[in-house]
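> Pasting a predicted model and its sequence here:
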Amino acid sequence: MNKSINTLKRIVYILCVSVVVLVVVVLLLIVLFFAFWWVTDWVCPQMNGSQPLGKNIHLVDRDGGEQIIVVGTDMRGRACYGGIYLIPARNNEPQDGEDYLVRERIINVIPTNDWIEVTTFREEGNTTYYYLIDKRCIPENNTNIDIVKEHFYCFDDSLKCVQVRDSLSMQQYK
C-alpha cells in the first residue's frame, strides 16, 4: 500500500513539474514572439518590407514582389505599412478594365541626405523614367503630399535629371 502511495505521489509530482515547464515554455514563446514583433517594427523595418528613405518617405514591398514609394501614413514603429502613393503614379480616373496604378516597375532607388533618386521602367511605351525628390525642404514626419510634390521631379532623360539635381544643389534652402 505504501509503495502504491509513493508511486502515486511521484506521478503527481512529475505531472506538476511537467505542467510548470510547459507553462514556462509557452510564456517564453509568447515573450519571444512579441520581442520579434517589436524588433521588426522598430529596429529593422526592412524585415516588414519597409525601407525608410527619409522625411517620412518609404520604399514599401507590395504583394507580388512590386515596390512602391509612399509618404507614410500607416506607421507602426518605424515600419511603414501604407501611405500616399508617389511612385508609381496613380491613375485617378481609370477607364473600364484599367488599374489605378500605372504599370511601372521600380528598378533602382538611391537615397542620400538631400535627394531620393529613383529609376523606373514603364511597360506602357517601354520607357525608363528618372525621378528626383528634393528632401531639403520637406519637414520631418511630413504627411502632406502637396509639400512633397512641390519638390518632386520626373524626367525621361537621365542627363536632364542629373543637370536639374546639380543646379538645384547649388540653391541654398533655409
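That came in fine, so what should we check first? Numbering: from 1, shown residues only.
> Report how many residues lie close to residue 154.
13 (other C-beta atoms under 10 Å). Just so you know, the C-beta spots here come from the backbone N, C-alpha and C atoms, and that holds for glycine as well.
> So it sits against residue 131, correct?
Yes: here residue 154 reaches residue 131: they are 5.3 Å apart, a contact under C-beta atoms under 8 Å.
> now the lowest-mean-pLDDT helix or strand in the chain, how far from the centre of its chain.
Within the chain, confidence by mean pLDDT, DSSP states H and E is lowest for helix 145-149 among all helices and strands, at a mean of 81. Between the centre of helix 145-149 and the centre of its chain there are 19 Å (C-alpha atoms, centre = their mean, to the nearest Å).
> what does stretch 65-77 give?
On C-alpha atoms, centre = their mean, the centre of stretch 65-77 falls 5 Å from the chain's centre.
> Output that stretch as PDB, restricted to C-alpha atoms.
Below are the C-alpha coordinates for stretch 65-77, written out as PDB (Å, rounded to 0.1, in the frame of the first residue of the first chain):
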ATOM      1  CA  GLY A  65       7.100  41.500 -55.400                       C
ATOM      2  CA  GLU A  66       6.300  45.000 -56.600                       C
ATOM      3  CA  GLN A  67       7.600  48.000 -54.800                       C
ATOM      4  CA  ILE A  68       6.100  51.400 -54.300                       C
ATOM      5  CA  ILE A  69       7.300  54.700 -52.800                       C
ATOM      6  CA  VAL A  70       4.900  56.400 -50.500                       C
ATOM      7  CA  VAL A  71       4.600  59.200 -48.000                       C
ATOM      8  CA  GLY A  72       3.900  57.200 -44.900                       C
ATOM      9  CA  THR A  73       0.500  57.500 -43.200                       C
ATOM     10  CA  ASP A  74       0.100  53.900 -41.800                       C
ATOM     11  CA  MET A  75       3.200  53.700 -39.500                       C
ATOM     12  CA  ARG A  76       3.800  51.100 -36.800                       C
ATOM     13  CA  GLY A  77       7.000  51.800 -35.100                       C
END
